[in-house]
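Peer 1: 3D, please:
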Amino acid sequence: MKEGYGRESSKDNDLFFTCSLIDYIARKTRNRRVDVVDKLGKERLEKIYDLADVYHSDNIDRVSDDFIREAGIEKGIFDNVAECSYAIPSHWDIGKVYKRLIKGVAEVEKCGNIDALWSVYHSFISGKIDDYNSSMYYENPYYLLECYLENKVI
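Peer 2: Prediction:
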């Protein structure tokens, strides 16, 4: 598929997959998303992002198991899925939320997607998005970006 065809660019789709994989790994290992990002590290995140089109065509369980093993991600105790009192968003739903926010941050801060990803997952808003009992994860993308930029819920 050529760049420009379809609804979004291939790199946007690669960012979407990268964020969805982070969420998938976090759920599988019961870790906070920032902890998964830290364990994966920037170099591995770049690899996932660069090869997302390949990984996306593979079984996500196998792909996640490979990265869990490679990064030495151990079982944690954070389980926002079990704590959720309402409908649970899928890892794809959350990947889309993060993708939109990261793209906005990258544009505003004039940085690459992986640097923006790192900043977003290390900000206060990541914990807010991952609280599925709140409304933050389904808020308007522009609102999430403004909250991130203000470093507080506005």
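Peer 1: can you dump the C-alpha coordinates of the lowest-mean-pLDDT helix or strand in the chain into CSV?
Peer 2: Every helix and strand of the chain was ranked by mean pLDDT, DSSP states H and E. The lowest is helix 52-55, at a mean of 92. Output of helix 52-55 as CSV, limited to C-alpha atoms (Å, rounded to 0.1, in the frame of the first residue of the first chain):
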residue,chain,number,x,y,z
ALA,A,52,5.3,-2.7,13.2
ASP,A,53,4.0,-3.6,9.8
VAL,A,54,5.8,-7.0,10.1
TYR,A,55,4.8,-7.6,13.8
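Peer 1: I'd like to know which elements it is packed against.
Peer 2: With contacts taken as 3 or more Cβ pairs under 8 Å, 6 or more residues apart in numbering; DSSP states H and E, helix 52-55 sits against helix 10-29. Every C-beta, even on glycine, is put in place using the N, C-alpha and C of the backbone.
Peer 1: which residues touch the least confident helix or strand of the chain?
Peer 2: Identification of contacts with helix 52-55 by Cβ atoms under 8 Å, 6 or more residues apart in numbering yields 10, 13-15, 17-18, 21, 48, 63.
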